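Novice: Curious how this folds, go ahead:
(chains A and B)
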There are 2 protein chains.
Amino acid sequence: MSARIEAEWIAVDWGTTNLRAWAMGAGGETLALASSDEGMGRLNRAGYEPALLRLIQTWLAPSRATPVVVCGMAGSRQGWIEAPYRPVPCAPVDGQGLTPVPTADPRLSVHIIPGLCQRDPADVMRGEETQIAGFMAETPGFEGVLCLPGTHTKWVRLKAGRVTAFQTFLTGELFSLLSRHSVLSHLMAGEGWDQQAFETALDAALAAPERTSASLFSLRAEALLEGLAPAAARARLSATLIGAELAAARPFWQDQALAVVGAAAVARAYASALTGQGRPVLTTSGDSAALAGLAMARALMKETT
Amino acid sequence: MSARIEAEWIAVDWGTTNLRAWAMGAGGETLALASSDEGMGRLNRAGYEPALLRLIQTWLAPSRATPVVVCGMAGSRQGWIEAPYRPVPCAPVDGQGLTPVPTADPRLSVHIIPGLCQRDPADVMRGEETQIAGFMAETPGFEGVLCLPGTHTKWVRLKAGRVTAFQTFLTGELFSLLSRHSVLSHLMAGEGWDQQAFETALDAALAAPERTSASLFSLRAEALLEGLAPAAARARLSATLIGAELAAARPFWQDQALAVVGAAAVARAYASALTGQGRPVLTTSGDSAALAGLAMARALMKETT
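Specialist: Okay, here's the model as predicted:
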C-alpha cells in the first residue's frame, strides 16, 4: 500500500512525442514522476485536459486548484492553447507571457510557459527556453553558449541572464529519418557504436561539410563492397550530420564558454565532438534543467500573484 | 479489338519502386509499353518471374524463347539474381557480365545488365549504367560529365567511351523524406513551385553549403513567423539540398561539357541550377536513355551469340 501523494504544484514538460509530469512538494522536493506517450502529435485540442488528468489526477487535492506549470509544444498553435512567442533578446523565462489555460476540472490551475522567437534570421523554440532558464539557475554566472541537442538542436547565446540570439538545426530529425526510413536503415540495425569511426567521420565532415549527401551514400556503397559494420555505419551517420552542423555553428562554439544540455546519449556525442575540437564542454541533463526551469517559472508566478 | 503484339525482344527497367517494359519490334521500333508498381521493394526472389509475366505475357510468342533484357535493381543481391558489379574504368555496358536468369517459363530468355562499382572512394550504381550507355549512343562523341538526378543522384565522368569515375549523392532521398515525413511536410502541401525562391535559396546554399540543416529549420520558423507560402517552401527545400550537392560536386561540373539525364521535373531543377551558374547544359530524358541502353545491350548480346 503506497502513501497518497498530494502535490503542492505540478511541473509538466509536454513535447511532441512525450508528456512528463513531476509532483512537487512545498519544499521544492520531487514527490513523484509520471509519463505517457500522449504528446502533442497524438492529441487534438480537446484531448489535452483528459490526457493530463489520466497522468496526474491521483496527485490533486480534492478541494483546491493545484497549480500546474507546463512547458513545450502544448503551447503551440496546434497545441492546447497558444502561448505567443516572446522575442529575443530577453530572459528565457520571466513572469511575462505565462498563459492561463481554462479547464473544466476546478482542481486544475494550468499555465503554459511561452516559447521564444527571433526575427532575423527567423527562428523559434518551445520548451528549450525552460531548459535554458533551469540551466542558468543551476549554473549561476555562466555566460557563453548553450547547445541543446535533440530533434531540433538549438545553439543559444547567453549574456547577462538573457538569450541574445539562437539558431536551430534539423540534425536530430535528419538522423531519425535516415536511420529509420531510408536506404541506410538496414545498414545500422541494432544499438552498437564505433567511437573510432565516429571521430574519423567527424573530422572529415568538419573539413568538408558540403559533402554530407555524398558521405551518406558512401555508407551504403561501403556496406555493399566492403562489409561496413552496423556499429560503424551508425556512428558515421551521426558524425556526418553532427560534423556538418558543427561546421555551420562554428561562430557559436569557437571561443565561448560552452555547455551541452540534453539526453545522455546525444549530449555525449556532441560533447565528444566538441572536446575533439579542443573545446572544453560542461554537460548536464536536459530533464533536470527542464524541471529547474519549471520550478523557476512557478516561483515567478508566486511573486506576481 | 486490338491487334496482337508479338515482341521480337523485350526491354525492362526494373527499379526499387517501378517495373517498366517495352515490347520491341525487329526493326528497333517500340510496339508497346507497360508498367506496374511491382518494384524490387515489393518482391521476394520467387516473385520476379510472376510479376514479369503479369506485365508481358501477352507479348510472348508461344513456341520460342523471347529475349528479355533487364537493367536496374532486379540485378542486386536482394533482387532476382545478383549481376555482380563491374569495376570502373569501363564501358558502361558491354557484352561482359550480362547475367542469365533461369526461368520456369520456357517462353522467357532473361539477362540482367550488371551495375558498376568504384573502389576508392567506394561507390555503386545499378540502372544508371544503362542510361549512360543509351545517352552515349544517342549523343556520339560526347565527352565530359553526366548528371543523373534521382533518388540517388549520380555524377559521372565519361572519357573515350568509358566511365572513368563517379559519385553518388543521397539528395533525392533526402528531399523525399523531408517533404513527406518531417516537421516540414505540412509546410509544402500541394504541387506549387516558386522559381524565384528556388534561385535565391540555391545561391545561398552554394555559398554556404554547410548550413543545410539550419536552412531546413528556417523554413519552419518562417512559416510560423512570416507565413512562408507552400510553393516557396517546396522550392527552397529543393534548392537547399541541390545547392549543397552542387557545392560538393563542383569538381565535376566546373569546366566540363555537361549533360543532365533524368525525369522532366528534377532534370529541369538541376539544369536551372547549373545554367544559373553559367554552365550550359544538355538535358535529355532518362526513360529514352534507358531504352536506348537496353537496345545497345541487346545488340551486343546478338553479336556475341
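
Novice: what residues does the stretch 201-305 of chain A put near chain B?
Specialist: When proximity is defined by Cβ under 8 Å from any Cβ of the partner chain, the stretch 201-305 of chain A lies next to chain B at A:208-214, A:216-218, A:220-222, A:224-226, A:241, A:244-245, A:247-249. (Each C-beta comes from the backbone N, C-alpha and C, glycine too.)

Novice: Quick check on these: which are buried?
Specialist: By neighbour count, with 16 or more other Cβ atoms under 10 Å in any protein chain shown, those hold A:208-214, A:216-218, A:220-222, A:224-225, A:241, A:244-245, A:247-249 as buried.

Novice: For the residue nearest to A:Ala292 when sequence neighbours are not counted, give me its contacts.
Specialist: Distances taken as Cβ to Cβ, 6 or more residues apart in numbering or on different chains place A:Gly134 nearest to A:Ala292, at 3.1 Å, with adjacent residues excluded. By Cβ atoms under 8 Å, 6 or more residues apart in numbering or on different chains, the contact set of A:Gly134 is A:288-296.

Novice: Need the buried ones from those residues selected in PyMOL.
Specialist: Of these, the buried ones can be selected in PyMOL as follows, counting by 16+ other Cβ under 10 Å:
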select buried, chain A and resi 289+290+291+292+293+294+295+296
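
Novice: Just the contacts of A:Gly134: which are in helices?
Specialist: Members of the contacts of A:Gly134 lying in helices (criterion: DSSP state H): A:288-296.

Novice: possible to save the residues you listed as CSV with pLDDT?
Specialist: Below are the ones in helices among the contacts of A:Gly134 laid out as CSV (pLDDT from 0 to 100):
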residue, pLDDT
A:Ser288, 94
A:Ala289, 97
A:Ala290, 97
A:Leu291, 97
A:Ala292, 97
A:Gly293, 97
A:Leu294, 98
A:Ala295, 97
A:Met296, 96
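
Novice: Can you tell me which of the residues you listed is nearest B:Thr30?
Specialist: A:Ala290 (63.4 Å; Cβ to Cβ).

Novice: who's in contact with the closest one?
Specialist: Contacts of A:Ala290 (Cβ under 8 Å, 6+ apart): A:13, A:71, A:127, A:130-131, A:134.

Novice: and which of the ones in helices among the contacts of A:Gly134 is nearest chain B?
Specialist: Lowest distance from chain B to the ones in helices among the contacts of A:Gly134 (Cβ to the nearest Cβ) belongs to A:Ala290, with 20.3 Å.

Novice: For the stretch 1-150 of chain A, just list every one of the helices.
Specialist: Remark: helices assigned in the stretch 1-150 of chain A by DSSP state H, counting those that start in this stretch are A:48-56, A:128-138.

Novice: Summarise which helices and strands the host helix or strand of A:Leu216 is packed against.
Specialist: Following DSSP states H and E, the helix or strand that holds A:Leu216 is helix A:212-226. Contacts defined by 3 or more Cβ pairs under 8 Å, 6 or more residues apart in numbering or on different chains; DSSP states H and E place helix A:212-226 against helix A:195-207, helix A:230-248, strand B:116-118, strand B:123-125, strand B:162-169, helix B:171-181, helix B:230-253.

Novice: number of nearby residues for the residue nearest to A:Leu146 when sequence neighbours are not counted?
Specialist: Leaving aside its chain neighbours, A:Leu146 sits nearest to A:Val156 (4.5 Å; criterion: Cβ to Cβ, 6+ apart). Residues near A:Val156, counting by other Cβ atoms under 10 Å in any protein chain shown, number 27.

Novice: so A:Val156 sits in a strand?
Specialist: Yes: counting by DSSP: H, G, I helix; E, B strand; the rest coil, A:Val156 is part of a strand.

Novice: who's it bridged to?
Specialist: Beta-bridge partners of A:Val156, counted by DSSP bridges, are A:Leu146, A:Phe166.

Novice: show me what contacts the residue nearest to A:Ser215 when sequence neighbours are not counted?
Specialist: In space, and not counting its chain neighbours, A:Ser215 is closest to A:Thr240: 4.7 Å by Cβ to Cβ, 6+ apart. Shown in contact with A:Thr240 (Cβ under 8 Å, 6+ apart): A:201, A:204-205, A:212, A:215-216.
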